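Student: sequence and computational prediction follow.
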Amino acid sequence: MTIEQPATRPANPRFSSGPCAKPPTFDLTKLADAALGRSHRAAVGKGKLKAAIEGTREILGIPADYRIGIVPASDTGAVEMALWSLLGERKVEMLAWESFGSGWVTDVVKQLKIDAEVKTADYGQIVDLASIDFSNDVVFTWNGTTSGVRVPNGDWIAKDRKGLTICDATSAAFAMDLPWDKLDVTTFSWQKVLGGEAAHGMLILSPRAVQRLENYTPAWPLPKIFQLTKAGKLIEGIFTGATINTPSMLAVEDYLFALDWARSVGGLQGLIARADSNAGAVHAFCDQNDWIGNLAEDAATRSNTSVCLKFTDARIQDGSAFAKAVAKRLEAENIALDIGAYRDAPAGLRIWCGGTVETSDIEAMLPWLAWAFETEIASQTEAA
Ligand SMILES: Cc1ncc(COP(=O)(O)O)c(C=O)c1O
């Protein structure tokens with residue numbers, strides 16, 4: 001039995017959750033002004049690094065007294081640098097509801113062996129945000145990329161907290177409003193919402209985080225790559241473009257291009273509107289079809305970037321094999337690339353809806369998802 005294919009195809013089939021689709025206006029010639037073969041410490045290189053920092057501040061609305069640093073090893077580097085440099089001064093609450101948050105729990109409990117209260121929720125759910133004691137440090141992921149569950153807002157974070165909040169916002173920054181007064185450490189990678197390149201992470205510190213860095217020395221040794229202070233003082237250069245080690249000036253140029261594009265679509269509010277529109281199209285599709293649903297149970301926690309879906313049709317015999325087969329069909333038709341669920345997540349699909357994706361492409365892809373579903377059900381029935 002052959003199911004008829006939809007007539008319209010997405011212009012861009014890239015729906016990966018990282019590295020994410022490049023901005024629609026991207027092409028390699030846009031990077032021709034990169035400071036290649038030049039020292040990153042020369043005026044031209046430092047100028048570009050500073051522009052990356054200040055462009056980030058401008059678009060994300062980060063307060064003037066917050067430090068923004070470009071650090072090694074993408075988002076992971078930025079998060080681990082913060083965990084290793086800041087934690088251990090007091091008890092910490094570790095919140096996790098998917099794979100990356102769980103990775104930070106492992107760092108803190110198994111590697112650093114810190115006194116931690118670990119609060120976890122299954123994929124699709126979120127921890128009890130009302131139960132957090134903000135006299136402790138609190139580590140959490142704003143948007144769980146592998147479950148599609150995000151915190152609904154920052155209202156649950158105490159304004160007068162004694163501990164620090166450390167937030168992995170890699171799949172949230174540039175797609176969601178981040179309340180800077182509630183966040184002491186925030187991290188993200190260029191490869192996510194703006195469709196930049198990996199390699200470098202962004203580390204954003206509140207004045208309270210800086211105060212902790214300057215007044216607390218962890219009991220464990222720190223490799224050079226994690227060191228943010230020298231002789232008890234913040235290394236200010238890191239936050240003005242004098243990076244710890246050599247950055248990729250090609251990746252920097254690419255990020256500058258992405259920031260320019262972000263400005264051209266209306267800055268942060270424009271980016272949020274684009275992500276909302278994309279995710280809204282996927283949510284509407286789930287409402288219209290009873291064989292597919294959002295993994296995030298509570299609508300208030302549903303991501304507008306990494307939208308995770310599960311198949312709910314009783315005819316499906318092997319959920320994991322079925323989801324993989326659907327993703328494979330869409331990839332083979334060059335309709336949707338890289339939309340299989342994350343390897344540790346429940347079987348299903350994950351469709352990136354961040355602002356670099358065009359809503360018209362999501363809308364063109366969804367009928368194909370229905371086609372792949374029906375085709376796979378038919379093929380499963382024929383095989384039985
Ligand atoms: C929430 C979250 N944290 C951390 C990472 C790791 O990011 P990177 O590979 O940029 O270090 C990812 C990557 O997808 C992520 O989604």
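Tutor: Nice, I can see it. Numbers count the residues shown, from 1 in each chain.
Student: give me the element residue 176 is part of.
Tutor: Using DSSP states H and E, residue 176 sits in no helix or strand.
Student: show me the contacts for it.
Tutor: 142, 143, 150, 169, 272, 275, 304, 305 (C-beta atoms under 8 Å, 6 or more residues apart in numbering). Where you see a C-beta, it was placed from the backbone N, CA and C, and this is true even at glycine.
Student: try 6 Å
Tutor: If you count contacts by C-beta atoms under 6 Å, 6 or more residues apart in numbering, residue 176 has none.
Student: again, but for residue 203
Tutor: Applying C-beta under 6 Å, 6+ apart to residue 203 gives the contacts 69, 71, 78, 187.
Student: can you rerun that using 8 Å?
Tutor: 68, 69, 71, 78, 81, 82, 185, 186, 187.
Student: is it true that the fourth one lies in a strand?
Tutor: No. In this structure, residue 78 is helix, not part of a strand, as judged by DSSP: H, G, I helix; E, B strand; the rest coil.
Student: right, and it touches residue 202 too?
Tutor: Yes. Contact criterion C-beta atoms under 8 Å: residue 78 and residue 202 qualify, at 6.2 Å.
Student: so what sits against both of the two?
Tutor: Joint contacts of residue 78 and residue 202 (C-beta under 8 Å, 6+ apart) are 71, 187, 188, 189.
Student: for the residue nearest to residue 342 when sequence neighbours are not counted, helix, strand, or coil?
Tutor: Distances taken as C-beta to C-beta, 6 or more residues apart in numbering place residue 146 nearest to residue 342, at 3.8 Å, with adjacent residues excluded. Classification of residue 146 using three-state DSSP returns coil.
Student: what parts of this protein come near the ligand?
Tutor: 18, 74-76, 100, 141, 145, 168, 170-171, 189, 191, 198 (C-beta under 6 Å from any ligand atom).
Student: lowest-confidence entry in those residues?
Tutor: Lowest pLDDT within the residues of the chain next to the ligand is found at residue 198 (94).
Student: what's the residue nearest to that one when sequence neighbours are not counted in contact with, if anything?
Tutor: Counting by C-beta to C-beta, 6+ apart, residue 198 lies nearest to residue 191, which is 4.1 Å off, once chain neighbours are set aside. Neighbouring residues of residue 191 by C-beta under 8 Å, 6+ apart: 18, 19, 20, 74, 197, 198.
Student: may I have stretch 91-98 as PDB, with CA atoms only?
Tutor: The C-alpha coordinates for stretch 91-98 follow below in PDB (Å, rounded to 0.1, in the frame of the first residue of the first chain):
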ATOM      1  CA  LYS A  91      25.300  22.900  50.100                       C
ATOM      2  CA  VAL A  92      24.000  22.700  46.600                       C
ATOM      3  CA  GLU A  93      20.600  21.600  45.200                       C
ATOM      4  CA  MET A  94      20.900  19.900  41.800                       C
ATOM      5  CA  LEU A  95      17.800  19.900  39.700                       C
ATOM      6  CA  ALA A  96      17.500  17.600  36.700                       C
ATOM      7  CA  TRP A  97      14.700  16.400  34.500                       C
ATOM      8  CA  GLU A  98      16.700  15.100  31.500                       C
END
